[in-house]
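S.K.: give me coordinates for this.
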Amino acid sequence: MSVAGFSLLVADYMRTDITRRADYIRVGPFLVGLAPHTASLGYNYATPSVDARPSQADIAELISVFVAHDRTPRIEAVAGAAPDAEAALIAAGFSMDQRLATLACGVDEAIALATPDGIAIQLVSADKDLLDAVDVQNEAYGEPAPAGPHDVDRLRAMIDRGGMVALARDASTGRPCGAGLVTDPQAGVAEVAAVATHAAYRRRGIASSLASLLTRSAHERAAALVFLDVVGPAEEAVYLRAGYRRSGERVWYTLR
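M.R.: Below is the predicted model:
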């Protein structure tokens, strides 16, 4: 698949994902998703339509929506899919604070990886397992808030739609040491996200094994293409082992 074709699929996926939120907001060519339980940037963002050409009034209204909800204005986009929108955001004072490589894995590309010695990995759905998964992810990503019922509700809703959560535990102690998720397929596309390993268990292949299980499981549930974002070559190498390949980039713009 060409980079352009992949980018269009991911851009469509991102907009469809926001429309899953019951209270999403449409502002000109942008769709806005805001989380009531947290101000974390990862849960509060907007995304433009492909080839969007927002007016100054659209950008002003977009900013006002975030401000009215006490949220930092933040935009996620596929690099190059809406160049006029990116230019308009920069002109309005937004700055690009992330540009990440996006990797993809097709059905015939996934590699089954063995689980590291001393580790047990499985798909989970029980409330306690979901809380443990979020605790691992929060520790890895520096999220100070403890896991709570809203996290269980969020993951439960995703699982009910066909997504999956994987949890790694120390086989001898039962301690949660890794976690990740894959979203339910939308038009044959799913996203692996929030793959995390507890600091004490890194460099043992846990993240690669989590990604392998989640990706192959998504393929079994009709996801022809699974994608994810990586920060730098070291993280990219983790997923290349599971059969991923670099296919594009995503960008994040924030107004501070």
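S.K.: the longest strand along the chain - contacts with which helices or strands?
M.R.: Identified as the longest strand of the chain according to DSSP state E is strand 95-106. With contacts taken as 3 or more CB pairs under 8 Å, 6 or more residues apart in numbering; DSSP states H and E, strand 95-106 sits against helix 3-19, strand 225-230, helix 232-240, strand 245-254. Every C-beta, even on glycine, is put in place using the N, C-alpha and C of the backbone.
S.K.: let's have the ones you listed in a markdown table, adding mean neighbour count, mean pLDDT and distance to Asp153.
M.R.: Output for the helices and strands packed on strand 95-106, formatted as a markdown table (neighbours: other CB atoms under 10 Å; pLDDT from 0 to 100; distance: least, CB to CB, whole Å):
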| stretch | mean neighbour count | mean pLDDT | distance to Asp153 |
| --- | --- | --- | --- |
| helix 3-19 | 18 | 89 | 17 |
| strand 225-230 | 24 | 97 | 24 |
| helix 232-240 | 15 | 95 | 29 |
| strand 245-254 | 19 | 96 | 26 |
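S.K.: can I get the ones you listed in TSV with distance to Gly93?
M.R.: Listed next are these as TSV, based on distance: least, CB to CB, whole Å:
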stretch	distance to Gly93
helix 3-19	23
strand 225-230	25
helix 232-240	28
strand 245-254	10
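S.K.: and of the ones you listed, who's closest to Asp184?
M.R.: Nearest to Asp184 among the helices and strands packed on strand 95-106 is helix 3-19 (9.6 Å), distances taken as CB to CB.
S.K.: give the next helix or strand downstream of the closest one.
M.R.: With elements assigned by DSSP states H and E, the helix or strand that comes after helix 3-19 is strand 25-27.
S.K.: I'd like to know which elements the helix or strand following that following strand is packed against.
M.R.: Toward the C-terminus, strand 25-27 is succeeded by strand 30-33 as the next helix or strand (DSSP H and E). Under the contact criterion of 3+ CB pairs under 8 Å, 6+ apart, strand 30-33 touches helix 3-19, strand 25-27, strand 45-48, helix 56-68.
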